[in-house]
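Enquirer: Got a predicted structure here, sequence first:
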Amino acid sequence: EAAVTQSPRSKVAVTGGKVTLSCHQTNNHDYMYWYRQDTGHGLRLIHYSYVADSTEKGDIPDGYKASRPSQENFSLILELASLSQTAVYFCASSGGNQDTQYFGPGTRLLVL
Amino acid sequence: QQQVRQSSQSLTVWEGETAILNCSYENSAFDYFPWYQQFPGEGPALLIAIRSVSDKKEDGRFTIFFNKREKNLSLHIKDSQPGDSATYFCAASTSNMGYKLTFGTGTSLLVDP
């Protein structure tokens, strides 16, 4: 069974503070993704990575950085958190082109 | 612009009925269409998928009907059960960027017992 875990599961952050969301996969997948989910917008891709030590911008990368230090780990970094970044964030992994994406349980982020 | 569109934000059906969830897309290069199911508090999970070379894909009570000419598809859930109550996302990708899924905004299905 594919496994993607995320930490923390929920977080309250202050505006202007730094937030790091972590993701770990045990699927031996090359691709990893960060999405945010907002009501009325579905899932939108923030950053993705297809190999360790390299990340790519997705559709809404502004205000976010990503880090892929190893095949298993992928982090999303909000250097200066803003109110508009309140959302649920999902990490996913996949084996490659048009393979199934396996999602983690999500991190609920509230920026005050 | 929304490249993958789900026309209904929500849908309610009675237990035992067939639920029909619609999806349309704009990019003619899309050739892979997965549907993801999401329960509250969980991440989405792949339910069923179709490639554009097919016009129908069936898996148990779940069937995708695909119309390439009209650029739309629908997910039919036969004999709906209360346990099917969830949000369903239509997604699409192209073969040359198959790792990149574009998601619709989702349809929240409620099956009333």
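Expert: Thanks, I have it.
Enquirer: quick one: contacts for the closest residue to B:F30 other than its chain neighbours?
Expert: Excluding the flanking residues, the one nearest B:F30 by CB to CB, 6 or more residues apart in numbering or on different chains is B:A92, at 4.0 Å. Just so you know, the C-beta spots here come from the backbone N, C-alpha and C atoms, and that holds for glycine as well. For B:A92, the contact set (CB atoms under 8 Å, 6 or more residues apart in numbering or on different chains) comprises B:3-4, B:25, B:27, B:30, B:32-33, B:101-102.
Enquirer: quick one, phi psi at the residue nearest the centre of chain A?
Expert: Geometric centre of chain A, nearest residue: A:W34, 2.9 Å, by CA atoms, centre = their mean. Phi and psi for A:W34, reported as degrees, to the nearest 10, are phi -120, psi 130.
Enquirer: isn't A:T26 right up against A:A3?
Expert: Yes. Counting by CB atoms under 8 Å, A:T26 touches A:A3, with 4.7 Å between them.
Enquirer: what's the straight distance from one end of stretch B:77-85 to the other?
Expert: Counting by CA to CA, to the nearest Å, you get 11 Å between the two ends of stretch B:77-85.
Enquirer: what distance separates that stretch from the centre of its chain?
Expert: 14 Å (CA atoms, centre = their mean, to the nearest Å).
Enquirer: in that stretch, what's buried?
Expert: Under the neighbour-count criterion of 16 or more other CB atoms under 10 Å in any protein chain shown, stretch B:77-85 has B:77, B:80, B:84-85 buried.
Enquirer: could you dump the residues you listed to CSV with pLDDT?
Expert: Converted to CSV, the buried residues of stretch B:77-85 look like this (pLDDT from 0 to 100):
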residue, pLDDT
B:I77, 98
B:S80, 98
B:D84, 98
B:S85, 98
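Enquirer: what's the closest of those to chain A?
Expert: For the buried residues of stretch B:77-85, the closest approach to chain A (CB to the nearest CB) belongs to B:S85, at 17.3 Å.
Enquirer: hey, which helix or strand in chain B has the poorest pLDDT?
Expert: Each helix and strand of chain B was given a mean pLDDT (mean pLDDT, DSSP states H and E); the minimum falls on strand B:102-103 at a mean of 94.
Enquirer: Quick one: list the elements packing against that strand.
Expert: strand A:42-51, strand B:86-94 (3 or more CB pairs under 8 Å, 6 or more residues apart in numbering or on different chains; DSSP states H and E).
Enquirer: And the ones you listed: which comes nearest B:G60?
Expert: strand B:86-94 (15.2 Å; CB to CB).
Enquirer: now that closest one against strand A:42-51, angle please.
Expert: Per axes from the mean of the first three to the mean of the last three CA atoms, to 10 degrees, the angle that strand B:86-94 makes with strand A:42-51 is 50 degrees.
Enquirer: So what's the gap between strand B:86-94 and the chain middle?
Expert: Worked out by CA atoms, centre = their mean, strand B:86-94 lies 5 Å from the chain centre.
Enquirer: So which bits of that strand are buried?
Expert: Using 16+ other CB under 10 Å as the test for burial, strand B:86-94 gives B:86-94.
Enquirer: and if you look at stretch B:47-54?
Expert: So for stretch B:47-54, counting by 16+ other CB under 10 Å, buried means B:47-50, B:52.
Enquirer: Around chain A, which positions in chain B sit nearby?
Expert: Along chain B, the residues adjacent to chain A under the rule CB under 8 Å from any CB of the partner chain are B:9, B:32, B:34, B:41-46, B:49, B:89, B:93, B:95, B:98-101, B:103-106.
Enquirer: Cheers, nothing more for now.
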